[in-house]
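> please find the sequence and the predicted model below.
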Amino acid sequence: MAPPAVSVRPKGVRNTKKLIYAADDEENIRVLLKTYLEQAGFDVCVFPTGDLLLAEFQRRRCDFVVLDIMMPGTDGLEICRQIREISKVPIIILTAKESEVDYVMGLTLGGDDYIIKPFRPSILVMRIKALMRRMEMEHDDMDEMIGFGDITYSGNEHAVLCRGKSIGLTITEVALLRYMMKNASRAVPRDELLNEIWGISADVETRVTDETIRRIRKKLKIAGCTVAINAVWGYGYRLEQCP
């Protein structure tokens, strides 16, 4: 199957639209993604395989990636891993409802969020806009420095450092830990994190907050940080410094 056509903008005309690459082996899903994302104001290129998406990404970078997991050729998880090795571009993983291991793996390999199939296109658009808005906010706060215990958020590096060394967080993980550092004086409700970080309300069924917290905890531990994220049962999470 030939690669999808890429729109060409007139020479000298600057296109301010964000460019999204999306890969899914189901044609109806590709049509759905392209239709709704273009209606939301994005430029969109869709691909039937992750290999085609990756090849185009290596030729021309985009602003956002949407990846299905089960596709012919290289699966979406491996494509996610390869993209993350060369770029911090936001990535949303599409996964079947029964495949919990898949979305956990997707987030572990560098995905910033996941959407369970079947999904409402409006929810996907909302999540994409939330991730892009977060990146813009981080760009505006390049001089920001926040410290808690032995970790520091550096706006200039868009990273959280433990005793001066990056602990390797994704864009979403950085945003969540930064928010908790700014609110370290209190326990932060789970619903608040869901709204502030992903821009979605509590009535949307998702475990993305819990999975992101779990990954951050693991990376803090690996880095030997004295900071911990402790659960407040039935409420949310609190940032604390271990003795």
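Alright, I've got the coordinates. Residues are numbered from 1 along each chain as shown.

> for the protein, just list every one of the helices.
Counting by DSSP state H, one finds helices in the chain at the ranges 27-39, 50-59, 76-86, 100-108, 121-140, 171-182, 190-198, 208-222.

> the third one - what's its average pLDDT?
The reference is to helix 76-86. Helix 76-86 comes out with an average pLDDT of 91.

> what does it contact?
Under the criterion C-beta atoms under 8 Å, 6 or more residues apart in numbering, residues 23, 50-51, 53-54, 57-58, 65, 67-70, 89, 91, 93-94, 102, 105-106, 109-111, 170 lie in contact with helix 76-86. The way it works is simple: take the backbone N, C-alpha and C, and place the C-beta from them, glycine included.

> next, the buried residues of that helix.
Gly76, Leu77, Ile79, Cys80, Arg81, Gln82, Ile83, Arg84 (16 or more other C-beta atoms under 10 Å).

> now the third one: closest residue in space that isn't a chain neighbour?
For Ile79, ignoring the flanking residues on the chain, the nearest one in space by C-beta to C-beta, 6 or more residues apart in numbering is Gly50 at 3.6 Å.

> follow-up on the earlier one: quick one: closest of the helices of the chain to Val232.
helix 190-198 (9.0 Å; C-beta to C-beta).

> for that closest one, the distance to its chain's centre please.
The chain centre lies 14 Å from the centre of helix 190-198; the measure is C-alpha atoms, centre = their mean, to the nearest Å.

> per-residue pLDDT, Thr35?
Looking at Thr35, the pLDDT reads 95.
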